[in-house]
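sharing a model that was predicted from the sequence below.
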Amino acid sequence: MKSAVIVFPGSNCDRDIAVALEQASGKKPHMAFHKDTDLPDVDVIAVPGGFSYGDYLRCGAMAAHSPIMKVVKERAAKGVRVVGICNGFQIITEAGLLPGALIRNKSLKYVCRTVGLRVETNDSDFTRKYAKGQVIGIPVGHGEGNYVADDETLKRLEGEGLVAFRYAALPGQSADQANPNGATNDIAGIFNAQRNVLGMMPHPERAFDPLHGNTDGRAFFDSLVETLS
Amino acid sequence: MKAKVVVTLKNGVLDPQGKAIGHALTNLGFDGVGEVRQGKLIELEVAETDPAKAKAQIEEMCRKLLANTVIENYSIELVA
């Protein structure tokens, strides 16, 4: 599996996801800068978390219009897998690769903790190594992760099984502690209609190595490797 | 030509910042504060001197970048 990681000014999870991709696939990812206008032939493109362009205007709004995103959109249209995590989710949503928007957390607070995620479907290249309905623990760290969309979009996402992950209570948590940001329908991650683009707020690359103390994110990368190798 | 663009959250989109401001105003003793919504004001200059053309150009800026029309409305006022 050949991968690329997009680096914007203010990205800060680019190295973490590059390490996870390299360990899972055995191949060093291509690191592409926001000003690049081309990418090598890759199977998966990761748009990492961080604070691209200092979150100016809206989270992800500036990055969504940077030169490299034109290439990312072209590749996504050709079926290349694209995953946007955290700020990456905000960026690819602003870029129009996914519907809806991510707004300020309901609590107004930046949330940094491990949340429970229910794998809503394992019928995808990103989740096939999980069991459907499995609840995994994955860290989040964001201030704007509250997913919203109009009723028609929500109906389509739910009806077509395009919700990838939903916040769910971890053992010992009450149900109202599960959703860290107020996201509609507890949505933590969604696919596009073709299911080759995934956006998610939680960080599987932060639950990858045994040294992280949690390896629930490992199967995410293994799913991609199994699909694309 | 100068313009002012006001970007606000659409009705029905949760505005926790507006809510927090409303609570703070009530805590300060201002009675009767109803719903508070917070938006953004963007002032910008364009070289175009024809008002209709300038407005059309700024509309396009709003749709492409200045506002996220999934959650936000915008209004444009040409000032000079």
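Sure, I can see it. Small disclaimer: the values here were computed from a predicted structure and weren't measured.

what about A:Val111, neighbour count?
15 (other Cβ atoms under 10 Å in any protein chain shown). For every residue, glycine as well, the C-beta is placed using N, CA and C.

so what pLDDT did the spatially closest residue to it that is not a sequence neighbour get?
Excluding the flanking residues, the one nearest A:Val111 by Cβ to Cβ, 6 or more residues apart in numbering or on different chains is A:Pro180, at 4.4 Å. Looking at A:Pro180, its pLDDT reads 97.

likewise for B:Val13?
88.

leaving out the residues flanking it, which one is nearest to it?
Per Cβ to Cβ, 6+ apart, closest to B:Val13 is B:Ile71, 4.9 Å.

repeat that for A:Arg118.
Of all residues not flanking A:Arg118 in the chain, A:Ala168 sits nearest, at 4.0 Å (Cβ to Cβ, 6+ apart).

that neighbour is in contact with A:Val119, isn't it?
No - A:Ala168 lies out of contact with A:Val119 (Cβ atoms under 8 Å); the separation is 9.4 Å.

which residues do these two both contact?
Common neighbours of A:Ala168 and A:Val119 (criterion: Cβ atoms under 8 Å, 6 or more residues apart in numbering or on different chains): A:Val135.

returning to that earlier point: next, count neighbours for the residue nearest to A:Arg118.
By other Cβ under 10 Å, 21 other residues sit near A:Ala168.

need the contact list for A:Asp16.
Neighbour list for A:Asp16: A:Pro48, A:His203, A:Glu205, A:Arg206 [criterion: Cβ under 8 Å, 6+ apart].

for those, which one is nearest A:Lys35?
A:Pro48 (16.3 Å; Cβ to Cβ).

how near is that closest one to A:Gly159?
Taking Cβ to Cβ, to the nearest Å as the measure, A:Pro48 falls 31 Å from A:Gly159.

the more surrounded of the two?
The residue with more neighbours, out of A:Pro48 and A:Gly159, is A:Pro48; 26 against 8, by other Cβ under 10 Å.

pretty sure the more buried one sits against A:Val7.
Yes - counting by Cβ under 8 Å, A:Pro48 touches A:Val7, with 7.5 Å between them.

who touches both of those two?
By Cβ under 8 Å, 6+ apart, A:Pro48 and A:Val7 have these common neighbours: A:Asp14.

what pLDDT is listed against residue 69?
In the absence of a named chain, chain A is used. The per-residue pLDDT reported for A:Met69 equals 98.

look at chain B instead
pLDDT recorded at B:Thr69 is 94.

measure it to A:Ala193 for me?
20 Å.

same question, A:Val71
Applying Cβ to Cβ to A:Val71 and A:Ala193 gives a distance of 21 Å.

these two: who's more crowded?
Neighbours per residue (other Cβ under 10 Å) separate A:Val71 from A:Ala193, with A:Val71 holding more: 17 against 12.

about what we covered before: run a quick neighbour tally on the residue nearest to B:Val13.
22.

bridging residues for the residue in chain A positioned nearest to chain B?
Of the residues in chain A, the one nearest chain B is A:Ala101, at a distance of 4.4 Å by Cβ to the nearest Cβ. Beta-bridge partners recorded for A:Ala101 (DSSP bridges): A:Val148.

how about the residues of chain B by chain A?
Applying Cβ under 8 Å from any Cβ of the partner chain, we find that chain B lies next to chain A at B:Leu9, B:Val13, B:Leu14, B:Pro16, B:Gln17, B:Ala20, B:Lys64, B:Leu65, B:Leu66, B:Asn68, B:Val70, B:Ile71.

are we agreed that the second one is in a strand?
Same thing as B:Val13. No - under DSSP: H, G, I helix; E, B strand; the rest coil, B:Val13 falls outside any strand and is assigned coil.

no further questions, thank you.
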